[in-house]
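> Okay, here's the prediction I keep looking at, along with the sequence it came from:
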Amino acid sequence: LIFFSNSKTQLLNCLPLPPFTPQHLNAPTMMQYLPIIAAGIAGWMFGAVWYGMFSTQWMKASKLTLDMVNPNDKTPYLVSFLGAVATAAFTDHMYKLAGISTPQDGLVTGLGLGAFVAAPWTINNILYGMRNRALIYIDGGYAVFGCGAIGLVLCLLS
């Protein structure tokens, strides 16, 4: 192992990671961002469909009424969109490091990330917040299938 080196490549190649090559230092082009943006849109749109299907149950479990919701407040939509794009960006990064490139692998890995990374955090927040346990299935389901949609679109377009 070379721990002290003037070369970034040699230094990074001593780490237990996939081989580091100088092209990793190149700035991404706009074409490299399009799959990420499209995957973020796919995850966000899946959420619109998912919560549209479960809107009545979600409102009841969240103890919300239509009178309590401000339809003019766009903040939740913007924040959830930015979150979906951020999720897509990091998922893309992980897929590239792991060599995940087929649509089937993208979907399965996305579902796995949703089920074993995102959903457990969602479930913890619901349980510790003493919120209605029906939200585990609604919000947790979105985490699983939304990540699956992001993974699938990333691999379809990359």
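Arrived safely. Numbering: from 1, shown residues only.
> the strands in this protein, which residues?
Counting by DSSP state E, the chain forms no strands at all.
> which non-adjacent residue is nearest the residue nearest the centre of it?
For the chain, the residue nearest the mean C-alpha position is residue 87 (3.0 Å; Cα atoms, centre = their mean). Here the nearest residue to residue 87 in space, its sequence neighbours aside, is residue 150; by Cβ to Cβ, 6 or more residues apart in numbering that works out to 6.0 Å. Bear in mind the C-beta positions are built from the backbone N, C-alpha and C, glycine included.
> okay, now the one you found: neighbour count?
Residue 150 has 32 neighbouring residues, counting by other Cβ atoms under 10 Å.
> Numbering from 107 from now on, please.
Okay, using 107 as the starting number, the last item reads as residue 256.
> before we move on, back to that, could you measure from the residue nearest to the centre of the chain over to residue 253?
Separation of residue 193 from residue 253 (Cβ to Cβ, to the nearest Å) stands at 7 Å.
> same check, this time on residue 187
The separation that residue 187 has from residue 253, given Cβ to Cβ, amounts to 15 Å.
> Surely the residue nearest to residue 193 and residue 195 touch.
No: the pair formed by residue 256 and residue 195 falls short of the contact definition of Cβ atoms under 8 Å, at 9.8 Å.
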